[in-house]
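> Provide a 3D model corresponding to the input given below.
(2 chains)
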Protein chains: 2
Amino acid sequence: MARVVQKFGGSSVADAESVKRVAKRIATTKRAGHEVVVVVSAMGDTTDDLLDLATQVTDDAPKREMDILLTAGERISMSLLAMALTAEGVSARSYTGQQAGLVTDINHGRASIVKLAPERILRSIEADQVAIVAGFQGVNENNDVTTLGRGGSDTTAVALAAALKADVCEIYSDVDGLFSADPRIVPKAKKIPRISFEETLELASHGAKILHLRAVEFARRYDVPLHVRSSFSTLEGTLVTSESQKGTDMEDPIISGIAHDRSQSKITLVDVPDIPGSAARLFGVVAAADANIDMIVQNVSTQNTGATDISFTLPTDQVAPTRRALEAARDELGYAELRADEEVGLLSLVGAGMRSNPGVSARLFSALWEAGINIEMISTSEIRISVVTRIEDLDTAVRAVHTAFELDAEDSEAVVYGGTGR
Amino acid sequence: MARVVQKFGGSSVADAESVKRVAKRIATTKRAGHEVVVVVSAMGDTTDDLLDLATQVTDDAPKREMDILLTAGERISMSLLAMALTAEGVSARSYTGQQAGLVTDINHGRASIVKLAPERILRSIEADQVAIVAGFQGVNENNDVTTLGRGGSDTTAVALAAALKADVCEIYSDVDGLFSADPRIVPKAKKIPRISFEETLELASHGAKILHLRAVEFARRYDVPLHVRSSFSTLEGTLVTSESQKGTDMEDPIISGIAHDRSQSKITLVDVPDIPGSAARLFGVVAAADANIDMIVQNVSTQNTGATDISFTLPTDQVAPTRRALEAARDELGYAELRADEEVGLLSLVGAGMRSNPGVSARLFSALWEAGINIEMISTSEIRISVVTRIEDLDTAVRAVHTAFELDAEDSEAVVYGGTGR
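Modelled structure (predicted):
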């Protein structure tokens, strides 16, 4: 007997039929003798529909009220799922974030969990019930409803799994697991059977959409094994664990997967004075504009101008405010010109095996060179190499690198069941 | 400056545009210097849509889960209304039943209020905010969400008005107030300017749909003046108060209004033994079947059979279980035959002036006789006379009686703005 937390995303509970299908699946696990706690997102497009309603009323909704509005979504899905389980003959109770004891800070719209005291969930487990918990939501110290922001339901599931000391947290969506690349770009992408938290974090923070960064960070911190799988098939998915657990089973492959990201832009400041403190002032301004910088490259000053060029990448939707902040500080920073380029793509190669394989960079650059793709920026971590290319070259680049690292499967392995992704 | 509780029904907040319209109206009251607390129902068809979803999942939903599902509706309307008020420049906060301190017993689906401790609402008033409270819902001692059943939002509004010692509780819908008869049947129905709680109770419990019985009972118990009016016009509506308050302003008219009810049926038991205890046993069986009896008529035994006929009215949807219970007890009760008749209509004439006007019954019977309508049963209270007719005669009966008691207005006064009623 195991204690399992199962999280179902919106595409898995898109309508009444899906809710019944998911209920049957949960019932099967429960009848096999396991303790099951379920975390559920809002049904299908509910959240978008609610956002749309808010937009019709005002374009400047107070965040507290937006949180109340959006949390109606999970209320609907969780109660329907409890009804469907009951109809399956399995005793079930649904709980809001507040009822589940999920206490957050007061940051409406992107609250952080400060305490999780799931007494009622434990009582449900003891009473042989399936507890169904609303994802994405909590309550703050003022007894106001909060939401955890993007990926919030995954975070709820992992936090609950940690608090309940669950054996595994199963994250269900409409794909079979993590793949060596996005199957829409690389049809021969392979399912990754096991991967470490660290690699998953690198993939998730560089464009892979399957798991949310915050949930993976939570899982790593509390060492909660994740099983990423599809609610539309019974195939084993991808097991995400600590490196030590992963290592006992198998040799690390050199490369686990390739992530790509089209949502980044590049800002280049030309002729920044090459003097001490220059970069610190520059990135102080950028940080004050709340920009999330990923890569930074500073050219070596090749001429005797005493000036250098500095480029960095950031999410495209942060270009406008960052540009305004930098232009306002132009006199202080002393640069000659600011260039913003939204037509860039980011490719990241991730693998714990890189640590012991020095030839990875060379193989990557050579694969891109052979495919005729120019590299504009490079950055590396211990287990990742990222390059910036023209956005129109990105798909070709991903396919070329996937083949060069012998990741291609014999046959196409990926099936997207639901259609919309998560 | 007054303290006002305003309740808006689903037809007043049917879509985003209506929510904005209602917000403007609330803002006007607030800007006039009043303290405003708002109670809101779910938007338009939301509740029906949610019920429909539940039916798609199961036809036997646990009541606890049904309550969680249905309360999603007010969450949506209340947060949107708070957003719209904020956009109008009026500070507003929305509160669930739990946040508003509305504690109920544990009867899911039709809970009763056991405590109302609106501390957060009072704090909002002190902070010059409009507090918006979800109608229809509360929380029980287990921290589970409950609903108050039909008319629950009216009850929430009246209970809040009582707890906050409000000067008036305004009940907004899509009609201009209480009318002397249903304007769809009697186009010349008059708006009633003032009426007592007792008369309103008699009208509401005999088919008038405008106010829910339970809310009126609550208002009477705590002496909360109700102002029933339309959210689509600025006309004064109907003021519902205690008789003493009403009396200071004006003479009682003999008749305040006429209610009609098509939802009742008549059950007749033929040849019930006319012996002591017979009726007690009979209605013991009926009560055990949870039937809500209104009128009872026992014929005088005209022959020397030692048997009598007993007829009673009850809601049509309770006929089947009541018939089963009576048939199961047939040997014990000893009746010869059971006849159920769903083709009956109930007309009730209500007016506090009846007490001092002995000729009312005669005038009623004479009006019906002149209109060629047969009376099948009669019952009276201190301020009401009800008669049962054939259902196809009911509309004619209502019009004839309305004219006979000189209730007809010069012109048609009633406008239904929204279309759906409440």
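> Quick one: the strands in the stretch 101-250 of chain A, in order.
Along the stretch 101-250 of chain A, counting by DSSP state E, counting those that start in this stretch, strands occupy A:102-104, A:113-116, A:130-134, A:137-139, A:145-147, A:168-173, A:194-196, A:226-230, A:238-241.
> would JSON lines of those with mean neighbour count and mean pLDDT be doable?
For every residue, glycine as well, the C-beta is placed using N, CA and C. Below are those laid out as JSON lines (neighbours: other Cβ atoms under 10 Å in any protein chain shown; pLDDT from 0 to 100):
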{"stretch": "strand A:102-104", "mean neighbour count": "25", "mean pLDDT": "97"}
{"stretch": "strand A:113-116", "mean neighbour count": "16", "mean pLDDT": "95"}
{"stretch": "strand A:130-134", "mean neighbour count": "29", "mean pLDDT": "98"}
{"stretch": "strand A:137-139", "mean neighbour count": "27", "mean pLDDT": "97"}
{"stretch": "strand A:145-147", "mean neighbour count": "29", "mean pLDDT": "97"}
{"stretch": "strand A:168-173", "mean neighbour count": "26", "mean pLDDT": "95"}
{"stretch": "strand A:194-196", "mean neighbour count": "23", "mean pLDDT": "94"}
{"stretch": "strand A:226-230", "mean neighbour count": "23", "mean pLDDT": "95"}
{"stretch": "strand A:238-241", "mean neighbour count": "24", "mean pLDDT": "96"}
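> Please look at A:Gln264 and A:Thr313 and confirm they touch.
Yes - proximity of A:Gln264 to A:Thr313 meets the contact threshold set by Cβ atoms under 8 Å, at 4.8 Å.
> Report the set of residues contacting both of those two.
Counting by Cβ atoms under 8 Å, 6 or more residues apart in numbering or on different chains, the common neighbours of A:Gln264 and A:Thr313 are A:294, A:344, A:346, A:388.
> Which of these fall in strands?
A:344, A:346, A:388 (DSSP state E).
> could you point out where chain A is predicted with low confidence?
A:246-252, A:301-304, A:413-422 (pLDDT under 70).
> If we use 50, what do you get?
Low-confidence segments of chain A, defined by pLDDT under 50, span residues A:248-249, A:419-422.
> domain assignment for it?
Domain assignment of chain A by automatic domain parsing yields the ranges A:3-173, A:248-422.
> which of these is buried the deepest?
Comparing these by mean neighbour count (mean count of other Cβ atoms under 10 Å in any protein chain shown), domain A:3-173 ranks first with a mean of 22.
> so how far is it off the chain centroid?
The chain centroid and the centroid of domain A:3-173 are separated by 18 Å under Cα atoms, centre = their mean, to the nearest Å.
> What's the end-to-end length of that domain?
20 Å (Cα to Cα, to the nearest Å).
> what do you get for stretch A:339-348?
24 Å.
> Close to chain B: what parts of the stretch 251-400 of chain A are there?
Contact residues (Cβ under 8 Å from any Cβ of the partner chain) of the stretch 251-400 of chain A with chain B: there are none.
> okay, which residue is most central for chain A?
A:His212 (2.2 Å; Cα atoms, centre = their mean).
> Return the distance of it relative to A:His34.
25 Å (Cβ to Cβ, to the nearest Å).
> With adjacent residues omitted, what lies nearest to the residue of the stretch 101-250 of chain A found nearest chain B?
Distances between the stretch 101-250 of chain A and chain B by Cβ to the nearest Cβ are smallest at A:Asn143, namely 6.0 Å. Spatially, and ignoring its direct neighbours in sequence, A:Asn143 is nearest to B:Gln99 (6.0 Å; Cβ to Cβ, 6 or more residues apart in numbering or on different chains).
> ok, that neighbour - contacts?
So B:Gln99 contacts A:143-144, B:120 (Cβ under 8 Å, 6+ apart).
> Among these, which lie within helices?
B:Arg120 (DSSP state H).
> Turn the contacts of B:Gln99 into TSV, including distance to A:Thr71.
TSV is the format used below for these (distance: Cβ to Cβ, whole Å):
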residue	distance to A:Thr71
A:Asn143	14
A:Asp144	11
B:Arg120	18
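> and which of the contacts of B:Gln99 is nearest to A:Thr308?
A:Asp144 (48.9 Å; Cβ to Cβ).
> My understanding was that that closest one contacts A:Arg64; is that so?
Yes - look at A:Asp144 against A:Arg64 with Cβ under 8 Å: they come within range, at 6.1 Å.
> Need the overlap of contacts for those two.
A:His108.
> In chain A, mark out all the helices, start to finish.
Using DSSP H, helices in chain A cover A:16-31, A:46-57, A:63-70, A:72-87, A:119-126, A:152-163, A:197-204, A:213-222, A:243-249, A:278-288, A:319-328, A:330-333, A:360-370, A:394-404.
> As PDB, could you dump the C-alpha coordinates of the fifth one?
What follows is the C-alpha trace of helix A:119-126 in PDB, where atoms were taken according to Å, rounded to 0.1, in the frame of the first residue of the first chain:
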ATOM      1  CA  GLU A 119      -5.600  17.900   9.300                       C
ATOM      2  CA  ARG A 120      -8.900  17.400   7.400                       C
ATOM      3  CA  ILE A 121      -7.100  15.600   4.600                       C
ATOM      4  CA  LEU A 122      -5.500  13.300   7.100                       C
ATOM      5  CA  ARG A 123      -8.900  12.700   8.700                       C
ATOM      6  CA  SER A 124     -10.300  11.800   5.300                       C
ATOM      7  CA  ILE A 125      -7.500   9.400   4.700                       C
ATOM      8  CA  GLU A 126      -8.200   7.700   8.100                       C
END
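> Report the inter-axis angle for it versus helix A:152-163.
Between helix A:119-126 and helix A:152-163, the angle comes out at 70 degrees (axes from the mean of the first three to the mean of the last three Cα atoms, to 10 degrees).
> next one: the fourth one
Comparing the axes of helix A:72-87 and helix A:152-163 via the same axes, to 10 degrees yields an angle of 60 degrees.
> which strands and helices sit next to helix A:72-87?
On a contact count with 3 or more Cβ pairs under 8 Å, 6 or more residues apart in numbering or on different chains; DSSP states H and E, helix A:72-87 meets helix A:16-31, strand A:35-40, helix A:46-57, strand A:92-95, strand A:130-134, helix B:46-57, helix B:63-70, helix B:72-87.
> Give the pairing partners of the second one; include direction for each.
Just to be clear, that refers to strand A:35-40. Using DSSP bridges, the strands paired with strand A:35-40 in its sheet are strand A:3-8 (parallel), strand A:130-134 (parallel).
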